[in-house]
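Asks: One predicted model, sequence on top.
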Amino acid sequence: MAKKKPRPKTQLLRWSDYVPASDVTDPLGLGLRGSTRLASLLLYCITSITPRARYFSFLPWCIQNYQQHERDTKYALGLNEAIKLREKALTYGCVAHHDGQPCVGGALVGSTAAQKWLVRNNGEAQLKRVPFAKIPALNAYLNSLMNLGFFVEQESRDESEEEVAESELAFENIELSDLGAAIAGSYDSVVRKLGAVGRITEPERTCSVKSLAEFGKRGGLCELAEPSAPDRSLLRDVFFARKGITDKSHFRRNRSLLLILELCRQLSAEGWNTNDFTFGSAVYYGQLYEEGESLQVSIPAPLLDVATRWRMFYFHHYLGVALEGMFSWLVTQLSDRGVTGASLTELSHELHSPLVSKEIGELIHGHVPKNFGGTTPAAFFLALGIPESDLTVEASLKIDEKITAEIAGAEVWLEGIIREGTYRQSPAGLGNACVLFALTLARYRRWKDTEYGNWLASDAVVKDPYLDLLPSTVSLALSRTRKDWWRRPWTELAQYVLSRFVVQQHQSMAFEKTAAGDRCLLERDGERITSDSTFDKIGLGNPRLGSAIQILTDLALLAENDDGIKHVTNDGLDVLKVELKREVEA
């Protein structure tokens with residue numbers, strides 16, 4: 001939530017947790033093939049599964065400690081097992097230090113197993129035998145560590161596959177770079193004299209719980225925020241691309257982190273929290289709206305470029321919600337119809353129902369013609385103050401001007417309605433998703449032929465123009481097959497979109513995931529389609545944003561006040577001042 005009070009129903013559900021009726025995730029490939037790639041370009045080396053900053057110094061220390069104190073002994077473990085053992089020690093130490101509770105802000109890997117074990121044991125822990133997580137933290141953080149330049153002669157790794165498979169962790173002779181060694185050394189200066197650290201390298205690998213707690217107290221994740229942490233300053237330099245690799249991808253991470261700090265500064269001053277909802281609204285609309293309260297945000301000139309790229313991210317996000325909303329509506333309708341199923345023609349013609357006009361009109365607080373399906377997007381948006389015309393750059397600019405965050409019918413409102421799922425069994429469910437689809441692409445039109453539209457269509461984002469559904473590729477497909485889609489009836493647009501971007505796309509994704517296509521929720525027999533499933537986990541989200549906010553918190557650049565509002569610390573304000581000034585001077 002943005003503020004510490006209830007949100008309107010249509011917006012609250014945007015950020016709710018859903019219990020999926022099916023275990024099929026990302027049914028149209030919009031996450032892995034779109035959101036993940038875009039986020040990896042904007043928050044390079046900060047992934048959805050790497051939210052804690054101190055792992056970035058702890059894991060290099062594990063390698064350095066093993067190589068200096070264990071590798072050449074007769075009882076040495078392999079490097080993978082040695083790192084995992086040190087992870088166990090830190091996890092058990094942090095839980096013991098926090099009186100049986102996990103770290104605030106994100107538990108260490110294996111904390112649940114450590115909590116259970118420590119309830120029954122408080123004497124000694126034989127680290128080779130105590131329970132732990134199946135997948136250690138190294139698997140999640142290795143790609144980022146490599147891409148940050150912590151190792152010698154390591155090629156960059158694709159971050160779309162965030163977690164490294166166990167088979168890829170064969171690197172016995174890996175060598176830390178100067179940067180990696182410096183970070184490992186800074187962490188070592190905190191923990192080298194601790195009893196638990198000495199015991200880790202001995203044959204028995206046995207530590208007292210008391211000594212492990214001291215390890216957690218000195219070297220834990222939360223403790224990085226303390227001024228005495230020697231690795232904190234160095235990690236700040238790394239994440240803000242002041243040391244190590246400083247090329248375009250790393251500098252863009254610098255800009256994204258500064259954008260988060262700057263927006264948090266503006267938002268917290270007015271009592272708003274910084275999260276996916278407020279960040280997305282700020283970069284997409286330049287405005288926040290909630291419960292009758294509105295806040296305009298101002299983006300400093302050095303951050304306009306990255307803020308616009310984040311806006312491209314949210315164009316994809318809203319397009320994804322629209323398409324997943326159509327998919328959810330489709331499988332629900334087909335499931336209700338049983339083995340007879342339905343054709344896409346039959347389903348799209350349900351938009352002619354008077355119920356659609358009535359329910360959409362109520363939602364947007366405007367007049368909608370009785371035959372919604374027979375009208376066109378161009379005519380429909382008259383109800384939201386957009387003059388009827390062709391879909392030109394000027395019309396797109398008018399949408400930006402008129403349909404702001406507080407307007408019922410804006411993308412943020414439609415997303416909440418679609419994710420809520422109330423209309424999933426009504427033809428209005430398809431209508432709402434169609435309106436979001438059309439509105440998102442119409443607002444995107446002004447950017448299509450700009451530097452940012454070209455970036456959204458670049459090889460870094462689009463690997464397969466047919467399967468990668470982004471605003472750039474979907475707009476191109478529409479211009480080639482339905483050039484005047486803005487002035488065609490909703491029924492015609494809905495039938496085409498359902499066929500090309502929903503049904504065909506889901507079938508392609510299902511066969512891409514498994515050769516047998518057994519992840520497909522649809523069966524097709526000629527024109528008729530059937531399904532016996534439902535899908536309600538709609539919405540792509542921005543998981544890397546949460547990781548970035550947590551890392552900034554770990555680095556003591558953000559903190560939470562007594563009301564639970566994130567604010568920028570004095571150190572954070574200093575970083576903002578210095579980095580923005582450096583950009584101006586550059």
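Replies: Yep, that arrived.

Asks: CA only for contacts and neighbour counts going forward, please
Replies: Noted.

Asks: Just the pLDDT at Thr10, thanks.
Replies: On pLDDT, Thr10 comes in at 34.

Asks: do the same with the one 4 residues further on
Replies: pLDDT, Arg14: 32.

Asks: got it, and Ser156?
Replies: Confidence score, pLDDT, at Ser156: 68.

Asks: Just the residues contacting the strand or helix carrying Arg218, thanks.
Replies: Assigned by DSSP states H and E, Arg218 belongs to helix 209-219. Here helix 209-219 makes contact (CA atoms under 8 Å, 6 or more residues apart in numbering) with 89-97, 122-125, 187, 190-191, 194-197, 223.

Asks: Weed out the non-buried ones from these.
Replies: 89-97, 125, 187, 190-191, 195-197, 223 (16 or more other CA atoms under 10 Å).

Asks: quick one: which of the residues you listed sit in helices?
Replies: 89-97, 187, 190-191, 195-197 (DSSP state H).

Asks: got the contact list for Ala438?
Replies: So Ala438 contacts 377, 486 (CA under 8 Å, 6+ apart).

Asks: what packs against the longest helix along the chain?
Replies: As assigned by DSSP H, the longest helix anywhere in the chain is helix 304-337. The contact analysis (3 or more CA pairs under 8 Å, 6 or more residues apart in numbering; DSSP states H and E) places helix 304-337 against helix 36-42, helix 248-269, helix 276-285, helix 411-420, helix 427-444, helix 451-456, helix 471-481, strand 528-530.

Asks: relative to helix 427-444, how tilted is it?
Replies: 160 degrees (axes from the mean of the first three to the mean of the last three CA atoms, to 10 degrees).

Asks: so what strands line up beside the next helix or strand after helix 304-337?
Replies: Once helix 304-337 ends, the next helix or strand along the chain (criterion: DSSP H and E) is strand 342-343. Sheet partners assigned to strand 342-343 using DSSP bridges are listed as strand 528-530 (antiparallel).

Asks: going on from the strand it pairs with, what's the next piece of helix or strand?
Replies: helix 543-554.

Asks: With just CA atoms, put that next one into PDB.
Replies: Provided in PDB are the C-alpha atoms of helix 543-554 (Å, rounded to 0.1, in the frame of the first residue of the first chain):
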ATOM      1  CA  PRO A 543      10.100  -8.000  -8.700                       C
ATOM      2  CA  ARG A 544      13.500  -6.400  -9.200                       C
ATOM      3  CA  LEU A 545      12.200  -3.200  -7.800                       C
ATOM      4  CA  GLY A 546      11.700  -4.800  -4.400                       C
ATOM      5  CA  SER A 547      15.200  -6.200  -4.400                       C
ATOM      6  CA  ALA A 548      16.600  -2.800  -5.300                       C
ATOM      7  CA  ILE A 549      14.700  -1.100  -2.500                       C
ATOM      8  CA  GLN A 550      16.000  -3.700   0.000                       C
ATOM      9  CA  ILE A 551      19.600  -3.300  -1.200                       C
ATOM     10  CA  LEU A 552      19.300   0.400  -0.800                       C
ATOM     11  CA  THR A 553      18.000  -0.200   2.700                       C
ATOM     12  CA  ASP A 554      20.800  -2.600   3.500                       C
END
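
Asks: any idea of the angle it forms with helix 276-285?
Replies: Using the same axes, to 10 degrees: helix 543-554 against helix 276-285 is 110 degrees.

Asks: Mind giving me the packing neighbours of helix 543-554?
Replies: Secondary-structure packing of helix 543-554 (3+ CA pairs under 8 Å, 6+ apart): helix 248-269, strand 558-560.

Asks: Mind putting those into TSV with mean pLDDT?
Replies: Output for the helices and strands packed on helix 543-554, formatted as TSV (pLDDT from 0 to 100):
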stretch	mean pLDDT
helix 248-269	97
strand 558-560	97
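
Asks: Pick the most deeply packed of these.
Replies: helix 248-269 (a mean of 21; mean count of other CA atoms under 10 Å).

Asks: Give me the contact list for that helix.
Replies: 41-44, 239-241, 273-274, 279, 282, 297, 303, 306-307, 548-549, 552, 558, 565-568, 572, 576, 579.

Asks: and the angle from it to helix 304-337?
Replies: Going by the same axes, to 10 degrees, helix 248-269 makes 80 degrees with helix 304-337.

Asks: Surely Ser499 and Leu344 touch.
Replies: Yes - at 7.2 Å, Ser499 counts as touching Leu344 under the criterion of CA atoms under 8 Å.

Asks: Which one's more surrounded, those two?
Replies: Between Ser499 and Leu344, Leu344 has the larger neighbour count (other CA atoms under 10 Å), namely 19 against 15.

Asks: tell me the contacts of that one?
Replies: Counting by CA under 8 Å, 6+ apart, Leu344 touches 495, 498-499, 527-529.

Asks: how about the helix holding Arg218 as CSV, C-alpha atoms only?
Replies: Extracted in CSV, the C-alpha atoms of helix 209-219 (Å, rounded to 0.1, in the frame of the first residue of the first chain):
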residue,chain,number,x,y,z
VAL,A,209,25.6,-22.0,19.0
LYS,A,210,26.9,-19.1,21.0
SER,A,211,29.9,-18.6,18.7
LEU,A,212,27.6,-18.9,15.6
ALA,A,213,25.4,-16.1,17.2
GLU,A,214,28.5,-13.9,17.4
PHE,A,215,29.2,-14.6,13.7
GLY,A,216,25.6,-13.6,12.9
LYS,A,217,26.0,-10.5,15.1
ARG,A,218,29.1,-9.3,13.3
GLY,A,219,28.7,-10.6,9.8
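
Asks: For the very next helix or strand once past it, the averaged confidence score.
Replies: Downstream of helix 209-219, the next assigned helix or strand under DSSP H and E is helix 230-239. In this model, helix 230-239 has an average pLDDT of 97.

Asks: quick revisit: would you mark the buried spots in the longest helix of the chain?
Replies: Buried-residue list, helix 304-337, by 16+ other CA under 10 Å: 305-336.

Asks: which strands and helices sit next to the helix or strand encompassing Ala378?
Replies: Following DSSP H and E, one finds Ala378 within helix 377-380. Packing partners of helix 377-380 (3+ CA pairs under 8 Å, 6+ apart): none among the helices and strands.

Asks: what about 10 Å?
Replies: helix 427-444, helix 490-497 (3 or more CA pairs under 10 Å, 6 or more residues apart in numbering; DSSP states H and E).

Asks: May I see those organised as JSON lines, with mean pLDDT and distance to Thr340 added?
Replies: As requested, those are exported to JSON lines (pLDDT from 0 to 100; distance: least, CA to CA, whole Å):
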{"stretch": "helix 427-444", "mean pLDDT": "98", "distance to Thr340": "18"}
{"stretch": "helix 490-497", "mean pLDDT": "98", "distance to Thr340": "19"}
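
Asks: ranking these by burial, who's on top?
Replies: Note that of the helices and strands packed on helix 377-380, helix 427-444 is the most buried (mean count of other CA under 10 Å), with a mean of 24.
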